[in-house]
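Novice: What would the 3D arrangement of this be:
(chains A and B)
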Protein chains: 2
Amino acid sequence: MPTSEIKNDLFLRTLRGEKVERPPVWMMRQAGRYLPDFMKLKEKYPFFERVQNPELATEITVMPIDQVGVDTAILFSDILVIPQAMNCEVQMVPGRGPVIPNPIRKMSDVEALITPPAADALDYVMKAIKHTKQVLDNRVPLIGFAGSPWTILCYMVEGHGSKDFSTAKGFCFSQPEAAKALLQKITDITIDYLKAKVAAGCDVIQVFDSWGGLLSPADYNVWSMPYMNQIAKAIKPLAPVILFGKGCWFALNDYKAAGASAIGVDWTLSPDKARAIVGNETVLQGNFDPSKLLSPIPVIEKEVKAMIDGFGPQHYIANLGHGILPNIPVDHAKAFVNAVKNYRS
Amino acid sequence: MPTSEIKNDLFLRTLRGEKVERPPVWMMRQAGRYLPDFMKLKEKYPFFERVQNPELATEITVMPIDQVGVDTAILFSDILVIPQAMNCEVQMVPGRGPVIPNPIRKMSDVEALITPPAADALDYVMKAIKHTKQVLDNRVPLIGFAGSPWTILCYMVEGHGSKDFSTAKGFCFSQPEAAKALLQKITDITIDYLKAKVAAGCDVIQVFDSWGGLLSPADYNVWSMPYMNQIAKAIKPLAPVILFGKGCWFALNDYKAAGASAIGVDWTLSPDKARAIVGNETVLQGNFDPSKLLSPIPVIEKEVKAMIDGFGPQHYIANLGHGILPNIPVDHAKAFVNAVKNYRS
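Specialist: Next up is the predicted model:
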């Protein structure tokens, strides 16, 4: 279904570099735990059932369109479906997060990983995309996403979430050949996966480098950027690609050089500094501190205006600087979205 | 005991802005879990007993001087002795880290906190300093440290370690008056505490803003920097002050303006960018990625040289960009220290 038929195409026009009437707005993790209807499904179905059941994934994906009024949907899924497709078991343990019972620790572990055609191995994702597109009925575009190879490696090697992923980093620094082989395998299947997602109906792709900010700029250019680059180059002929690295303020110009249609920034970089780095013509996305949605609504409104003033209303997608928190009142999330929609310079 | 009598005063001369024969070197958390002798004491004595017993604290503080060859000692202690002195209970739970059973959540909680004279409430720290100075016998200087008020607030409000300290941030954003009252109370007792530490014999003070990088630059100027400033201004007439904020690359010039004798940087800021921000005459400290100590020794040596080349050998203190990790082999830590000592440009 050609994206030109989408009724609210503000997000797509912004990604094409066009001038628009106001910045589009969405929120990372907008299909998530701050929504009471999501919590009802969360109580009923385990995490990966919600991800794998196309009807459930669709229902969750569409929720914030109807309930919060964002300008794009993003498919409810998880970055760790990729290790699962590679035959690396991932469990989601309530209260603890992802757990990989058999983490990757040596070259033979890497060699044992499979890279099947993603459209087959992750067929349920493609079904969820097709079903979501039907239910969305062209109201707004649909984003599909993947984790960066570096971020996926972090989980596959560490075996669970971590403050510093020092085991994963130690693996790279002490077994660089095995680490690079793993990154390339993840990259190959991720490219295949994202191509299949676009073919299934995703209008835009976002790559999340959630743990890129744990690397020094020099190491980022060894362990993350080359693989982000491969993905961006493979996907951008098919769909706009948004690159977002948490804490990766030092990589913005690398993302630009990779051909990103938009670049995500978090709140540790001020809007004016971000603009100073990439210039006024590059589309930036971000960067409201998710915790700030706990402020009183008038403060949220004031700070959203300051954020848009900082980035400028053109070539800009309003968003949070990271995922929305579970304890945000829904009316605060709505206040964020409405403050963008009501923006006047 | 005047610091001019200290035999290895390389660190102090560097902090005074003098030109030196090579960069001094130490490692954050150098008195810690990578040392087998530390682990023996850890098995025998609970955390706060090691902190509170002056003989144990001294033994741990002196260990890396003898065993790794660093150019300064840093008193073994914990930033959370400050909440304890304020009558806010802190437990150290093995495998989980610090736990505050009754976290601060409202103005009346803040009002209930006491601010006794630190020299009395934390008398055991003063005893540990005096004992350490005796045992060090003027071989190297002794650093005393404190957490920044913002970082202390994070723990006191959140109640435990956290990836994002969103409860603590939410407290600030939703109850700003209570948060500011808490920050001021922490600041007042911290200044009193650090003055007492200098009086007891500490030659240098370092303030750790471990969670400063969770704030946007604009919020940093509201919730952290004003209190760092108060501390720096109060202590710098008495001893050199090193300011270090993890992830606070955006605050380096604020630290400089606060009169810091040296500014710590982590590895997410490249040495040349750090120099570009503060100039060549400001003393910088850092910034080796602690995980990189898992690299083979020849790689460590090569990367240490590149780091010193990047900062330049003058007005520079070689250090890690954060605390040394428990799984670092001692000979890798020694290789780091020796690579600095053997540096030739």
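Novice: Please enumerate the strands of the stretch 151-300 of chain A.
Specialist: Secondary structure of the stretch 151-300 of chain A by DSSP state E, counting those that start in this stretch: the strands cover A:204-209, A:241-245, A:262-264, A:284-288.
Novice: And the longest one, how far out from the chain middle?
Specialist: For strand A:204-209, the gap between its own C-alpha mean and the chain's C-alpha mean amounts to 5 Å (C-alpha atoms, centre = their mean, to the nearest Å).
Novice: Get me the contact residues on chain A for chain B.
Specialist: Within chain A, the positions near chain B by C-beta under 8 Å from any C-beta of the partner chain are A:161, A:163-164, A:166, A:169-170, A:173-174, A:213, A:215-219, A:247, A:249-250, A:267-270, A:273, A:289-292, A:294-296, A:299, A:322, A:325, A:327. Where you see a C-beta, it was placed from the backbone N, CA and C, and this is true even at glycine.
Novice: what about burial for those residues, which qualify?
Specialist: Buried subset of these (neighbour count, 16 or more other C-beta atoms under 10 Å in any protein chain shown): A:164, A:166, A:169-170, A:173, A:213, A:215-219, A:247, A:249-250, A:267-270, A:289-292, A:294-295, A:299, A:322, A:325.
Novice: so of those, which ones are in helices?
Specialist: Judged by DSSP state H, helices contain the following of these: A:S166, A:K169, A:G170, A:F173, A:P217, A:A218, A:D219, A:V299.
Novice: Including pLDDT, could those residues go into JSON lines?
Specialist: Converted to JSON lines, those look like this (pLDDT from 0 to 100):
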{"residue": "A:S166", "pLDDT": "95"}
{"residue": "A:K169", "pLDDT": "98"}
{"residue": "A:G170", "pLDDT": "97"}
{"residue": "A:F173", "pLDDT": "97"}
{"residue": "A:P217", "pLDDT": "97"}
{"residue": "A:A218", "pLDDT": "97"}
{"residue": "A:D219", "pLDDT": "98"}
{"residue": "A:V299", "pLDDT": "97"}
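Novice: which residues touch A:V207?
Specialist: Contact analysis of A:V207 by C-beta atoms under 8 Å, 6 or more residues apart in numbering or on different chains lists A:F145, A:A146, A:G147, A:S148, A:M228, A:I231, A:A232, A:V241, A:I242, A:L243, A:F244.
Novice: Then A:A257?
Specialist: Per C-beta under 8 Å, 6+ apart, neighbours of A:A257: none.
Novice: Test for you: state the pLDDT assigned to it.
Specialist: Note for A:A257: predicted pLDDT of 98.
Novice: cool, and A:R50?
Specialist: A:R50 is given a pLDDT of 96.
Novice: what about A:V25, neighbour count?
Specialist: 27 (other C-beta atoms under 10 Å in any protein chain shown).
Novice: thought A:L252 was touching A:I263?
Specialist: Yes: A:L252 lies in contact with A:I263 (C-beta atoms under 8 Å); the separation is 5.6 Å.
Novice: Looking at the two, which is more packed in?
Specialist: Between A:L252 and A:I263, A:I263 has the larger neighbour count (other C-beta under 10 Å), namely 26 against 22.
Novice: which ones are touching the residue lying closest to the more buried one once chain neighbours are set aside?
Specialist: Leaving aside its sequence neighbours, A:I263 sits nearest to A:Y255 (C-beta to C-beta, 6 or more residues apart in numbering or on different chains; 4.6 Å). Contacts for A:Y255 were tallied using C-beta under 8 Å, 6+ apart; they are A:M228, A:A232, A:L243, A:G245, A:C248, A:I263.
Novice: Now the stretch 1-150 of chain A against chain B: closest residue?
Specialist: The minimum distance from the stretch 1-150 of chain A to chain B, using C-beta to the nearest C-beta, falls at A:G97 (9.8 Å).
Novice: would you list the contacts of A:V207 in a markdown table and tack on distance to A:I308?
Specialist: Shown next, in a markdown table, are the contacts of A:V207 (distance: C-beta to C-beta, whole Å):
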| residue | distance to A:I308 |
| --- | --- |
| A:F145 | 24 |
| A:A146 | 28 |
| A:G147 | 29 |
| A:S148 | 28 |
| A:M228 | 27 |
| A:I231 | 29 |
| A:A232 | 26 |
| A:V241 | 23 |
| A:I242 | 18 |
| A:L243 | 21 |
| A:F244 | 19 |
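Novice: Out of those, which end up buried?
Specialist: Buried, going by 16+ other C-beta under 10 Å: A:F145, A:A146, A:G147, A:S148, A:M228, A:I231, A:A232, A:V241, A:I242, A:L243, A:F244, out of the contacts of A:V207.
Novice: Now pLDDT too, for those residues, in JSON lines please.
Specialist: Conversion of the buried ones among the contacts of A:V207 to JSON lines gives the following (pLDDT from 0 to 100):
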{"residue": "A:F145", "pLDDT": "98"}
{"residue": "A:A146", "pLDDT": "98"}
{"residue": "A:G147", "pLDDT": "98"}
{"residue": "A:S148", "pLDDT": "98"}
{"residue": "A:M228", "pLDDT": "98"}
{"residue": "A:I231", "pLDDT": "98"}
{"residue": "A:A232", "pLDDT": "98"}
{"residue": "A:V241", "pLDDT": "98"}
{"residue": "A:I242", "pLDDT": "98"}
{"residue": "A:L243", "pLDDT": "98"}
{"residue": "A:F244", "pLDDT": "98"}
